[in-house]
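Peer 1: give me a 3D structure for the following:
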Amino acid sequence: MTAPLTTDVHEARERYVSRAVSTPPIVVTGAEGARITADDGRTYLDFAGGIGCQNLGHGPADVVAAIHEQVDRYLHQCFMVGMYEPYVEVCRRLAELYPGGAGAYKSVLVNSGAEAVENAVKVARAATGRQAVIVFDRAFHGRTLLTMTMTSKVAYKRGFGPFAPEVYRAPVSIEGVRHLLKAEIDPESVACVVVEPVQGEGGFHPLPREFPAALKSLCEAHGILYVDDEVQAGVGRTGSVWAIEHYGVSPDLLVSGKSLGGGLPLAGVTGRAELMDAVHPGGLGGTFGGNPVACAAACVVLDTVATPEFRARAEQLGALMRGRLDTFATEVDGVTDVRGLGPMLAIELRDAALAAATVAAARAGGLLLLTCGLDGNVIRLLPPVTISEEDATLGLDILGASLREASH
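Peer 2: Numbering: from 1, shown residues only. Below you'll find the model as predicted:
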């Protein structure tokens, strides 16, 4: 490794990195499992997971081994220049794990969740010959022009308009969607609805139990495609490989990302073969999409999260976390709600100030947390599903102490 330009990363960050990128006051020098080491030698429990990218933890041995093995073969190739096995193998696994039972499924691999959402919309438009997209209150789909338009939070949009056309927003209710299709947009012009099974940035709101099935039925009645955005909720985050499995619904297209690459940039769009093949050859792709090193990691990740042992561990972790969070709700006045799905859980606090104070207190106590929600008053918990019970308990202890400290 070459010598750093400066030993003071904080100072260099202020000088060279845009202030538009928000950063906490820690500098990471190492990470393993559920722990992060900072430049002062202090170790933190990580309940942020790189914003949901470390469902298997930092540096799982089999993922790292697959990365090293692939690095020794070749790095970047570009699938559009020369095919390679890791890309095809990820697509094969995504097809086998698709939440739709038997059938023919295909994928395209890209770099990020936002890019994958945009490609899902492209596929839907090509397959239906329609243009309009329906999204929902509290949605987050990315920060590019189209996905920022689809996202429901002003803080991500301020100063960046004008926005993309033909995007319509509905409340998370069948009545709301039906009203939209009667009052604002012709159903025959809608290519797809895009919805998260657990709304991540919007505050960790799981969809109402009957909503996905009712929405899928409504979509089928009007020839609208159901796009399942699993960027944050998928790849084992809720216990099952895909969060939509909790609802027993098979989407037309599924978007994956974040933990898919095991810590490397990778995302994908998977769906019925006839939909994925509706786009003309050359219509989808990108220079680094499906990078072979990221794909090598993803093969191991997908194999791992599909095992019964992983599912059982996720259920145990979810029960442990939920029990402790429910206890906090009865003991701390500032906690107004506990919600989530499996081990993808959050606590809502009375205001953003209390949430920020809790996060700061937790960091001082050795625990890294993230907030979310339209009002910034929700603390989301994204520890590795592979975290030990000892570390999970310690992290929850720190969270409870931080809540009490911040609320007094």
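Peer 1: got the domain boundaries for the protein?
Peer 2: Using automatic domain parsing, the domains assigned to the chain come out as 9-59+308-406, 74-305.
Peer 1: give me the distance between the two termini of the longest one.
Peer 2: Chord length of domain 74-305, first to last residue, is 26 Å (CA to CA, to the nearest Å).
Peer 1: from the chain's centre, how far out is it? Work that out for me.
Peer 2: 11 Å (CA atoms, centre = their mean, to the nearest Å).
Peer 1: as PDB, could you dump the C-alpha coordinates of stretch 79-97?
Peer 2: Extracted in PDB, the C-alpha atoms of stretch 79-97 (Å, rounded to 0.1, in the frame of the first residue of the first chain):
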ATOM      1  CA  PHE A  79     -19.600  -8.800 -20.100                       C
ATOM      2  CA  MET A  80     -20.400  -7.000 -23.400                       C
ATOM      3  CA  VAL A  81     -16.800  -7.600 -24.600                       C
ATOM      4  CA  GLY A  82     -16.300 -11.100 -23.400                       C
ATOM      5  CA  MET A  83     -18.600 -13.400 -21.400                       C
ATOM      6  CA  TYR A  84     -17.400 -14.900 -18.200                       C
ATOM      7  CA  GLU A  85     -18.700 -17.500 -15.800                       C
ATOM      8  CA  PRO A  86     -19.200 -15.500 -12.600                       C
ATOM      9  CA  TYR A  87     -21.800 -13.200 -14.300                       C
ATOM     10  CA  VAL A  88     -23.800 -16.200 -15.600                       C
ATOM     11  CA  GLU A  89     -23.500 -18.000 -12.300                       C
ATOM     12  CA  VAL A  90     -25.000 -15.100 -10.300                       C
ATOM     13  CA  CYS A  91     -27.900 -14.900 -12.900                       C
ATOM     14  CA  ARG A  92     -28.400 -18.700 -12.500                       C
ATOM     15  CA  ARG A  93     -28.600 -18.400  -8.700                       C
ATOM     16  CA  LEU A  94     -31.000 -15.400  -8.900                       C
ATOM     17  CA  ALA A  95     -33.300 -17.500 -11.200                       C
ATOM     18  CA  GLU A  96     -33.200 -20.500  -8.900                       C
ATOM     19  CA  LEU A  97     -34.000 -18.300  -5.900                       C
END
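Peer 1: buried ones in it?
Peer 2: Phe79, Tyr84, Pro86, Tyr87, Val90, Cys91, Arg92, Arg93, Leu94, Ala95, Leu97 (16 or more other CB atoms under 10 Å). In this view, the C-beta of every residue, glycine as well, is placed from N, C-alpha and C.
Peer 1: still on that earlier bit, single out the most deeply packed of the domains of the chain.
Peer 2: domain 74-305 (a mean of 20; mean count of other CB atoms under 10 Å).
Peer 1: secondary structure class for Gln77?
Peer 2: Judged by DSSP: H, G, I helix; E, B strand; the rest coil, the three-state class of Gln77 is coil.
Peer 1: which non-adjacent residue is nearest it?
Peer 2: Tyr84 (5.4 Å; CB to CB, 6 or more residues apart in numbering).
Peer 1: now do Gly203
Peer 2: Nearest to Gly203 is Gly373, by CB to CB, 6+ apart, at 3.6 Å.
Peer 1: now the helices for the stretch 251-400 of the chain?
Peer 2: 273-276, 292-305, 308-331, 352-365, 389-406 (DSSP state H, counting those that start in this stretch).
Peer 1: only alpha carbons, please: show the fourth one as CSV.
Peer 2: I take that to be helix 352-365. The C-alpha coordinates for helix 352-365 follow below in CSV (Å, rounded to 0.1, in the frame of the first residue of the first chain):
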residue,chain,number,x,y,z
ALA,A,352,-35.3,13.8,15.3
ALA,A,353,-33.4,15.5,18.1
LEU,A,354,-33.9,12.5,20.4
ALA,A,355,-32.9,10.1,17.6
ALA,A,356,-29.7,12.2,16.9
ALA,A,357,-28.8,12.3,20.6
THR,A,358,-29.3,8.5,20.9
VAL,A,359,-27.1,7.8,17.9
ALA,A,360,-24.4,10.1,19.3
ALA,A,361,-24.6,8.5,22.8
ALA,A,362,-24.4,5.0,21.2
ARG,A,363,-21.4,6.0,19.2
ALA,A,364,-19.7,7.2,22.4
GLY,A,365,-20.6,3.9,23.9
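Peer 1: which residues touch it?
Peer 2: Here helix 352-365 makes contact (CB atoms under 8 Å, 6 or more residues apart in numbering) with 24, 26, 44, 334, 349, 368-371, 375-379, 398-399, 401-403, 405-407.
Peer 1: what about 6 Å?
Peer 2: Residues from elsewhere that reach helix 352-365 (CB atoms under 6 Å, 6 or more residues apart in numbering): 334, 349, 369, 371, 375-377, 379, 398-399, 402-403, 405-406.
Peer 1: related to what we said a few turns ago, quick one: closest of the domains of the chain to Ala66.
Peer 2: Proximity to Ala66 (CB to CB) singles out domain 74-305 among these, at 4.5 Å.
Peer 1: for that closest one, give the mean pLDDT please.
Peer 2: For domain 74-305, the mean pLDDT works out to 97.
Peer 1: let me have the buried residues of stretch 79-97 in TSV, adding secondary structure as columns.
Peer 2: Below are the buried residues of stretch 79-97 laid out as TSV (three-state DSSP):
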residue	secondary structure
Phe79	coil
Tyr84	coil
Pro86	helix
Tyr87	helix
Val90	helix
Cys91	helix
Arg92	helix
Arg93	helix
Leu94	helix
Ala95	helix
Leu97	coil
